[in-house]
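> all I have is the shape, not the residue letters:
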């Protein structure tokens, strides 16, 4: 795999894991209703991270544009997760922020 | 695209749509907590239907095995959705049943 | 499902099918080497169409931005497919153009 | 994330990367035609690994059945890749074998 993608790939993998874990944990919370927007964001963010990972690993033609979208969606998922005090939300917010930052560098 | 896949493809497309719609609608219900298992099943079923659609359309080597798994997951998602009276759940249960039936024929 | 998405959804479904079919058919051509870029584009375009379909059907938070990326990738896949005389490439080019057009309307 | 999934997750992540890299590298080989079946297997195997990763990370209802299918597809992709002397094919074959083994443990 292309070496230049390594940091971004690593961040996307961690973000995918954090989003999927947060999705699962939100659905097991006492007050699921309060987590509805977080559940939506987690799924969307996981899906775009998975797309970005495959694009980077397979040297896909529009890898920069895909990372650009991933940055935007990660930023927004971070904002949503940051509103909630649960550990899984706080950890997801942090993984999303880091991923947005790395994806933005790739997108240039 | 291979003609033999047409009925199964059509059922998978309808099931993907029903599951994604049910996912969205469950997250907007008054009592989201009661819908937590349905939300999980909807996402999983949508993901495997998307995989089956791509496998059939691209003539993928293990299309039969993928359809076999899709049948199993659709059947289970139908059982979960059927427990709830919401229209979106009842419609999703029906689309899942039909999809399970068509996928089972493909899997043979 | 939200009614406003119908035309775009329909175009994305047709484009997903055309790209997956073209991917399969390119790999069965006599001169596969000449089709290498087309095979890459087909996979990328199919993946982003699948993401857009799920985003529209599940009323995903960034559906407009996802459709915007889909428009860009479809346009580029159409350009690549249009270079080749095979029926599957010409049909894929047409499905990609139509999808790019509908996705661009959604992205506004 | 559930601790019991760690070894299998790690193997699936490596297999996803190896398959996507092999897909890219096969398309850049001098004799692409000879790699056509490998390209098909790589894409299918990457897609099912991505599904398995998300299923494990989000504690998906049918995670065992998904890992069972993943084991089968990885085994077959390993067989195909092993036929070719290219480094990327040999490395992919090894990653697929390891992933098949871990997925089989999960599937029980």
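Cool, the structure landed. Computed from a predicted structure; not experimentally measured.

> up against chain B, what does chain A have?
Proximity of chain A to chain B, by C-beta under 8 Å from any C-beta of the partner chain, involves residues A:23, A:27, A:28, A:30, A:31, A:32, A:33, A:35, A:36, A:39, A:40, A:43. In short, each C-beta sits where N, CA and C put it, glycine included.

> same thing but at 6 Å, please
A:27, A:32, A:33, A:36 (C-beta under 6 Å from any C-beta of the partner chain).

> now those as TSV including pLDDT and secondary structure?
Shown next, in TSV, are those (pLDDT from 0 to 100; DSSP: H, G, I helix; E, B strand; the rest coil):
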residue	pLDDT	secondary structure
A:27	98	helix
A:32	94	coil
A:33	94	helix
A:36	97	helix
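
> which of these are buried?
Among the residues of chain A next to chain B, those classed as buried by 16 or more other C-beta atoms under 10 Å in any protein chain shown are A:27, A:32, A:36.

> get me the contact residues on chain A for chain D.
For chain A, the contact set with chain D under C-beta under 6 Å from any C-beta comprises A:1, A:17, A:20, A:21, A:23, A:24, A:50, A:54, A:57, A:58, A:59.

> now for those: which two are most distant?
Maximum pairwise distance among these (C-beta to C-beta): 31.5 Å, between A:24 and A:59.

> so residue A:22 touches residue A:90, yeah?
No. Between residue A:22 and residue A:90 there is no contact under C-beta atoms under 6 Å: 9.5 Å.

> look at those two and report which has more neighbours.
Set residue A:22 next to residue A:90 and count neighbours by other C-beta atoms under 10 Å in any protein chain shown: residue A:22 wins out with 34 against 14.

> so how far is residue A:18 from the closest residue to that one other than its chain neighbours?
Once flanking residues are discounted, residue A:22 sits nearest to residue A:92: 4.0 Å by C-beta to C-beta, 6 or more residues apart in numbering or on different chains. In this view, residue A:92 and residue A:18 are 4 Å apart by C-beta to C-beta, to the nearest Å.

> and what of residue A:5?
Using C-beta to C-beta, we find residue A:5 at a distance of 19 Å from residue A:18.

> and residue A:4, what pLDDT?
On the pLDDT scale, residue A:4 is placed at 62.

> can you get me a residue count around residue A:79?
13.

> buried residues in the helix or strand hosting it?
In this structure, residue A:79 sits in helix A:63-82 according to DSSP states H and E. Of the residues in helix A:63-82, A:63, A:65-78, A:80-81 count as buried by neighbour count, 16+ other C-beta under 10 Å.

> what's the answer for stretch A:83-102, then?
Going by neighbour count (16+ other C-beta under 10 Å), the buried part of stretch A:83-102 is A:84, A:88-89, A:91-100, A:102.

> higher neighbour count, residue A:5 and residue A:18?
Between residue A:5 and residue A:18, counting by other C-beta under 10 Å, residue A:18 is the more crowded of the two (28 against 20).

> contacting residues for the more buried one?
Applying C-beta atoms under 6 Å, 6 or more residues apart in numbering or on different chains to residue A:18 gives the contacts A:91, A:92, A:95.
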